[in-house]
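**Student:** Need coordinates for the below:
(one chain, ligands or ions: 1)
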Amino acid sequence: MPSLAFLGAQPQSTLAELFAADPARAEDFAHDLGGIRFDFAKTHLTREAIAAFDPEPYHDALARLFAGEVVNLTEGRAAEHPAERGFGSPDAVALAAQRHNRLRALVDAVEAGAFGDITGILHIGIGGSALGPALLVDALGRTERRYRVEVLSNIDGQAVDEALGRLDPATTLVAIASKTFTTAETLRNADAALAWLEGAGVEDPYGRLIAITAAPEKAIEFGIDETRVLSFAPSVGGRYSLWSAIGFPAALALGTEAFEAMLDGAAMIDEHVVEAPTDQNVPLLAALADLTYTQGRGAETRAVFAYDERLRLLPSYLQQLVMESNGKSVRLDGSPAAGPTSAILWGGTGTDAQHAVFQLLHQGTHLVPVEFVAVAEAADEQDPAHHRELLLNCFAQGAALMTGRVSDDPHRHYPGDRPSITILLEDLDPASLGALIAFYEHRTFAEAVLLGINPFDQFGVELGKDMARAIDDPDTRAGFDPSTRALIEKAGL
Ligand SMILES: O=P(O)(O)OC[C@H]1O[C@H](O)[C@H](O)[C@@H](O)[C@@H]1O
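**Tutor:** Numbers count the residues shown, from 1 in each chain. Predicted structure coming up:
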């Protein structure tokens, strides 16, 4: 059983005291890895705590993950997303490579005109089947995007109209992405897309559909030809699936080379977590910092601010990754978790957020560890002066949170000692984005191991789905509570 005893080895010093006592802190708590600087110096993490941490259970868990053992005990399966990046059992790695070949072949076929003149792709999926592709395309496809990509997730008809309105049915390919191929929103939206193609007079609307799924038989049943079904392993979790065929729209829009570079960036982090000692292991250090605040100091949330418009979807991507993975109350053996598990992750973009929520961060009563994610190199064709100001603002916020400012006027007093992590990418490219996302995956995994919980199931979302079905059936609806029944009546449903 992993131990959180390292938290006890942490002196309750302020950040100012930690810097004063340790002239090498700025240097030693910042790590450069794959073109990314991870700076933990402005956290309360200490050398003592890191030294007191016993990494063995973590490395054992990591070895089981990479060996393709059954680590998702509640669902009786492995978690094989690392196999997509070349780490796993030989069979899983070979199968993932084979599936990537099919993905590449399909991209080539689209480019060779097998579907006619295609200019756009409608990617339909939700949760893990949408957030990853949306992030990749939005982050990397701003200037070079070769196809217009619209990601449609919500069941709301207005979302459907908006997405369809930006595409031309005559030249659009529709990718239906669902691990289970049973998700209500996705199937409903797939029907809407089919109707849209039919309504526009597309000759063979089913011929324009591609399925991306771990349940190929269901996609075939839906009417999609086997040759256009890209599959991935059921052991790849939804929120860990952007490395698999789920990344198809990104591979198409950005090119397969970019997609492969993203996988390579992630593989670099896979290697790193296995090899690096604790005081250099970046995802593990981040997890130790997280637990310092949740378990050690009662922080209930943590906030991530992307100081780069290209990464504006990162906070919502991370919300699913972190909270669906570690928002649990019981340990793997079913016993209650010892203390808080995942922090509530929230965030936004800088500098917008500075003018909206930073008041609370600087002077509010909550302890909120903050994370800044920025890119040193400006995006192509961006005004360097804008970029300079963006970065200066980012660094100023970290400094202000830590340093504070003393005033006799309590309204103008800034207590300081508020922690932050800064992640600075040299440049935003497929490899660095892949590394960044894999860093977050491994941090989430490390946290789960230390808490003794299973990050790979998500039973919490099932109850609501069951109830949504039951509420639509007059017989079972009668069994609902009076408040809910009154709402249904009021809405005229
Ligand atoms: O890919 P699908 O099977 O359609 O699932 C889509 C999403 O919905 C589920 O409810 C889960 O909460 C997510 O983990 C999953 O990513």
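**Student:** Checking the closest residue to Tyr58 other than its chain neighbours next. Helix, strand or coil?
**Tutor:** Nearest residue to Tyr58 in three dimensions, chain neighbours excluded: Val449, at 5.3 Å (C-beta to C-beta, 6 or more residues apart in numbering). For glycine as for every other residue, the C-beta is placed from the backbone atoms N, C-alpha and C. At Val449, secondary structure determined by DSSP: H, G, I helix; E, B strand; the rest coil is helix.
**Student:** Surely Val449 and Pro57 touch.
**Tutor:** Yes. The pair Val449 / Pro57 is scored as a contact, 6.6 Å apart, by C-beta atoms under 8 Å.
**Student:** between those two, who's got more neighbours?
**Tutor:** Residue environment comparison for Val449 versus Pro57 gives the larger neighbour count to Val449, 23 against 14, counting by other C-beta atoms under 10 Å.
**Student:** Now Glu198: phi and psi?
**Tutor:** For Glu198, the backbone dihedrals (degrees, to the nearest 10) come out as phi -60, psi -50.
**Student:** I'd like to know how far the residue nearest to Tyr58 sits from the ligand.
**Tutor:** As for Val449, its distance to the ligand is 20 Å (criterion: C-beta to the nearest ligand atom, to the nearest Å).
**Student:** For that residue, give me its contacts.
**Tutor:** Residues counted as contacts of Val449 (C-beta atoms under 8 Å, 6 or more residues apart in numbering) are Pro2, Pro57, Tyr58, Ala61, Leu62.
**Student:** any residues touching the one helix or strand the third one maps to, and which ones?
**Tutor:** Right, the one you point to is Tyr58. Under the criterion of DSSP states H and E, Tyr58 resides in helix 56-66. When contacts are taken as C-beta under 8 Å, 6+ apart, the neighbours of helix 56-66 outside the stretch itself are 1-3, 71, 79, 82, 87-88, 270, 273-274, 284, 445-446, 449-450.
**Student:** Out of these, which end up buried?
**Tutor:** Burial by neighbour count, 16 or more other C-beta atoms under 10 Å: within those this picks out 2, 71, 79, 82, 87-88, 270, 273, 284, 445-446, 449-450.
**Student:** Can you tell me the SS state at Ile423?
**Tutor:** Classified using three-state DSSP, Ile423 is strand.
**Student:** which residues does it bridge with?
**Tutor:** Phe38, Val373 (DSSP bridges).
**Student:** quick one, what contacts it?
**Tutor:** Neighbouring residues of Ile423 by C-beta under 8 Å, 6+ apart: Ile36, Arg37, Phe38, Asp39, Glu371, Phe372, Val373, Ala374, Leu436, Phe439.
**Student:** how close does it get to the ligand?
**Tutor:** Note on Ile423: its distance to the ligand, by C-beta to the nearest ligand atom, is 25 Å.
**Student:** Check that residue and give its pLDDT.
**Tutor:** With respect to pLDDT, Ile423 scores 98.
**Student:** And Thr143, by the same measure?
**Tutor:** According to the per-residue confidence, Thr143 scores 79 in pLDDT.
**Student:** Neighbours of Gly76, how many?
**Tutor:** Other residues within reach of Gly76 by the criterion other C-beta under 10 Å amount to 7.
**Student:** Setting aside sequence neighbours, what's the nearest residue to it?
**Tutor:** Here the nearest residue to Gly76 in space, its sequence neighbours aside, is Val70; by C-beta to C-beta, 6+ apart that works out to 6.1 Å.
**Student:** where does the one you found fall, helix, sheet strand or coil?
**Tutor:** Assigned with three-state DSSP, Val70 falls in the coil class.
**Student:** That one: what's it in contact with?
**Tutor:** Gly76, Arg77, Ala78.
**Student:** Please repeat the previous calculation with a cut-off of 10 Å.
**Tutor:** Each residue near Val70 by C-beta atoms under 10 Å, 6 or more residues apart in numbering is listed here: Arg64, Gly76, Arg77, Ala78, Ala79, Ser235.
**Student:** Widest-spaced pair of those?
**Tutor:** Across the contacts of Val70, the two members that end up farthest from each other (C-beta to C-beta) are Arg64 and Gly76, 14.1 Å apart.
**Student:** Up against the ligand, what does the stretch 351-493 of the chain have?
**Tutor:** Gln458, Val461 (C-beta under 6 Å from any ligand atom).
**Student:** Please name the nearest non-neighbouring residue to whichever residue of the stretch 351-493 of the chain sits closest to the ligand.
**Tutor:** Of all residues in the stretch 351-493 of the chain, the one sitting closest to the ligand is Val461 (4.0 Å; C-beta to the nearest ligand atom). What sits nearest to Val461 in space, not counting adjacent residues and going by C-beta to C-beta, 6+ apart, is Glu324, at 7.4 Å.
**Student:** before we move on, what about Tyr293?
**Tutor:** Once its chain neighbours are removed from consideration, Tyr293 has its nearest residue in Ala299; the separation is 3.8 Å (C-beta to C-beta, 6+ apart).
**Student:** Was I right to think the one you found contacts His366?
**Tutor:** Yes. Here Ala299 reaches His366: they are 7.7 Å apart, a contact under C-beta atoms under 10 Å.
**Student:** Which of the two has more residues huddled nearby?
**Tutor:** Between Ala299 and His366, counting by other C-beta under 10 Å, Ala299 is the more crowded of the two (20 against 11).
**Student:** Doesn't the more buried one lie inside a helix?
**Tutor:** No. Under the criterion used here (three-state DSSP), Ala299 is coil, not part of a helix.
**Student:** State the pLDDT value of it.
**Tutor:** On pLDDT, Ala299 comes in at 97.
**Student:** Can you read off the pLDDT for Pro11?
**Tutor:** In the predicted model, Pro11 carries a pLDDT score of 70.
**Student:** residues in the stretch 151-300 of the chain within reach of the ligand, list them.
**Tutor:** Within reach of the ligand by C-beta under 6 Å from any ligand atom, the stretch 151-300 of the chain has these residues: Ser178, Lys179, Thr180, Thr183, Thr186, Gly238, Arg239.
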